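Peer 1: Need coordinates for the below:
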Amino acid sequence: MINSLQDHIKLNNGVEMPGFGLGVYKAEEGQEVVNAVRTAIDHGYRLIDTASFYGNESGVGEGLREASVKRDEIFVTTKVWNDEQGYDETLKAFEQSLNRLSLDYLDLYLVHWPVTGKFRETWRAMERLYDEGVIKAIGVSNFHVHHLEDLMVAANVKPTVNQIEYHPHLTQKEMKGYCEQENIQLEAWSPMKRGRLFEDTTIKEIADKYNKTPAQVILRWDIQTNIITIPKSVNPDRIKSNADIFDFELTDEEIYSITALNQNERTGPNPDTFV
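Peer 2: Residues are numbered from 1 along each chain as shown. Below is the predicted model:
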């Protein structure tokens with residue numbers, strides 16, 4: 001478990017990844033995302049997560065350049081989108097993302113969704129880029145267990161990360177157990193279910209006990225259950241508030257009660273039917 005914004009989790013290839021970061025999905029390209037990235041880094045965040053699909057990689061790159069921290073202290077993730085998948089297509093998409101970000105290398109590159117008939121070739125291209133040293137770690141996003149099993153039949157490099165929708169209403173027990181067994185790090189997108197958990201009685205009662213917000217309780221639950229989490233926000237106060245989770249600790253009973261809220265309910269698409 002991480003104990004500060006600067007703490008890292010060691011991935012299965014030895015690379016160390018910050019356990020808490022900023023997601024920039026739906027952050028507008030231009031000054032909005034630039035300010036969000038700069039605010040987060042200046043406040044101590046060391047993980048920034050974007051994707052080609054978000055359309056804001058250039059702004060993320062500008063925010064990184066304007067921040068007060070050296071590049072090698074920041075962990076940058078982006079993702080290859082569905083219509084960019086395939087071997088040659090992925091090599092091209094990677095170069096375009098790197099150019100938009102104005103970076104020499106990526107810390108983590110993810111397959112955004114498991115496109116049927118393409119994600120193995122996409123992975124083969126990513127393995128090449130990993131072998132060439134322009135990516136420190138490669139992983140996947142929105143993969144079910146059967147997708148991971150299919151991928152690893154032909155893979156030479158095991159995914160380091162699987163970034164999935166994960167929150168108290170979608171705890172993905174099977175996936176969590178599988179990834180723990182295979183030493184694949186889980187990372188949560190939409191950790192607060194787009195704000196729909198803030199009125200939950202259990203979470204509110206725990207928040208009141210610690211004089212914290214429901215968001216802070218959920219994010220604390222993430223890190224105490226060994227999930228890397230990347231709450232998204234462009235609001236400076238919320239970016240700071242989201243990270244204010246290292247001065248309290250949930251009890252085992254509270255962890256259990258939050259986990260027991262699971263409803264297997266998604267806010268985003270099911271990877272089996274999305275592509």
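
Peer 1: Ala188 - that's part of a strand, no?
Peer 2: Yes. Under DSSP: H, G, I helix; E, B strand; the rest coil, Ala188 sits within a strand.

Peer 1: Please name the spatially closest residue to it (chain neighbours excluded).
Peer 2: Tyr166 (3.7 Å; C-beta to C-beta, 6 or more residues apart in numbering). The way it works is simple: take the backbone N, C-alpha and C, and place the C-beta from them, glycine included.

Peer 1: what about that neighbour, how many neighbours?
Peer 2: Counted with other C-beta atoms under 10 Å, residues neighbouring Tyr166 total 24.

Peer 1: What residues does it make contact with?
Peer 2: Gln172, Leu186, Glu187, Ala188, Trp189, Ser190, Pro191, Asp222, Ile227 (C-beta atoms under 8 Å, 6 or more residues apart in numbering).

Peer 1: which of these has the most neighbours?
Peer 2: Neighbour max across those (other C-beta under 10 Å) = Glu187, 30 neighbours.

Peer 1: thought that residue was touching Ile164?
Peer 2: Yes. If you go by C-beta atoms under 8 Å, Glu187 and Ile164 touch, sitting 7.4 Å apart.

Peer 1: what about Gln172, distance to Val217?
Peer 2: Using C-beta to C-beta, to the nearest Å, Gln172 is found at 19 Å from Val217.

Peer 1: and if you look at Glu265?
Peer 2: From Glu265 to Val217 the distance is 19 Å (C-beta to C-beta).

Peer 1: who's more crowded, the two?
Peer 2: Val217 (29 against 13).

Peer 1: How about the contacts made by Thr90?
Peer 2: Applying C-beta under 8 Å, 6+ apart, the residues near Thr90 are Val80, Glu84, Glu121, Thr122, Ala125, Met126.

Peer 1: Now, of the residues you listed, which are buried?
Peer 2: Val80, Glu84, Glu121, Thr122, Ala125, Met126 (16 or more other C-beta atoms under 10 Å).

Peer 1: can you give me the strands for the stretch 1-150 of the chain?
Peer 2: 8-10, 16-18, 22-23, 47-49, 75-80, 106-111, 135-141 (DSSP state E, counting those that start in this stretch).
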